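Colleague: just need the structure, nothing else, for what follows:
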Amino acid sequence: MSIIGTIIVGFIVGLIARALKPGNDRMGIIMTTLLGIAGAFIARFAGQAMGLYTANEPAGWIASVIGAIVLLFIFAMFRGRGRY
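Modeller: Just a heads-up that it's a prediction; the model follows:
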């Protein structure tokens, strides 16, 4: 996939993950895109570790969204509850 395609897919995955996770996640377009791209990488790594994906196979949409949601929860833990 091209770089532009990766950015577009990452943005869509990030938007879906932010919509599904409860709470207010204040981040802009760039952070949403990076969240989606990182979620896809985490999903691909976890899928390869579990034997679901081969070495050159990308993660699916659902797995990418789940990976991004996991990242959102981790981000919220480090950010703390004092900042809204």
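
Colleague: from here on, contacts and neighbour counts on C-alpha atoms
Modeller: OK.

Colleague: contacts for whichever helix in the chain runs longest?
Modeller: Using DSSP state H, we find that the single longest helix of the chain is helix 29-50. Defining contact as Cα atoms under 8 Å, 6 or more residues apart in numbering, one finds that helix 29-50 is touched by 6-15, 17, 53-55, 58-59, 63-72.

Colleague: repeat that for stretch 54-70.
Modeller: With contact meaning Cα under 8 Å, 6+ apart, stretch 54-70 is reached by 13-14, 16-18, 20-21, 35-36, 38-44, 47-48, 53.

Colleague: switch to 6 Å and redo it
Modeller: Contact with stretch 54-70 is made by Val13, Ala17, Leu35, Gly36, Gly39, Ala40, Ile42, Ala43, Arg44, as judged by Cα atoms under 6 Å, 6 or more residues apart in numbering.

Colleague: give the buried residues for it.
Modeller: Within stretch 54-70, the residues that qualify as buried are Pro58, Ala59, Ala63, Ser64, Val65, Ile66, Gly67, Ala68, Ile69, Val70, counting by 16 or more other Cα atoms under 10 Å.

Colleague: among those, name the ones in strands.
Modeller: If you go by DSSP state E, those have nothing in strands.

Colleague: so, low pLDDT: which residues of the protein?
Modeller: 1, 81-84 (pLDDT under 70).

Colleague: distance to Ile30 added to the buried residues of stretch 54-70, as TSV?
Modeller: Below are those laid out as TSV (distance: Cα to Cα, whole Å):
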residue	distance to Ile30
Pro58	22
Ala59	21
Ala63	21
Ser64	17
Val65	17
Ile66	19
Gly67	17
Ala68	14
Ile69	16
Val70	18
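
Colleague: if we can go back for a sec, out of the contacts of stretch 54-70, which is nearest to Phe78?
Modeller: When the contacts of stretch 54-70 are compared for distance to Phe78 (Cα to Cα), Leu35 wins out at 15.1 Å.

Colleague: skipping adjacent residues, who's closest to Asp25 in space?
Modeller: Nearest non-adjacent residue to Asp25, counting by Cα to Cα, 6 or more residues apart in numbering: Arg18, 7.0 Å away.

Colleague: perfect, that will be all.
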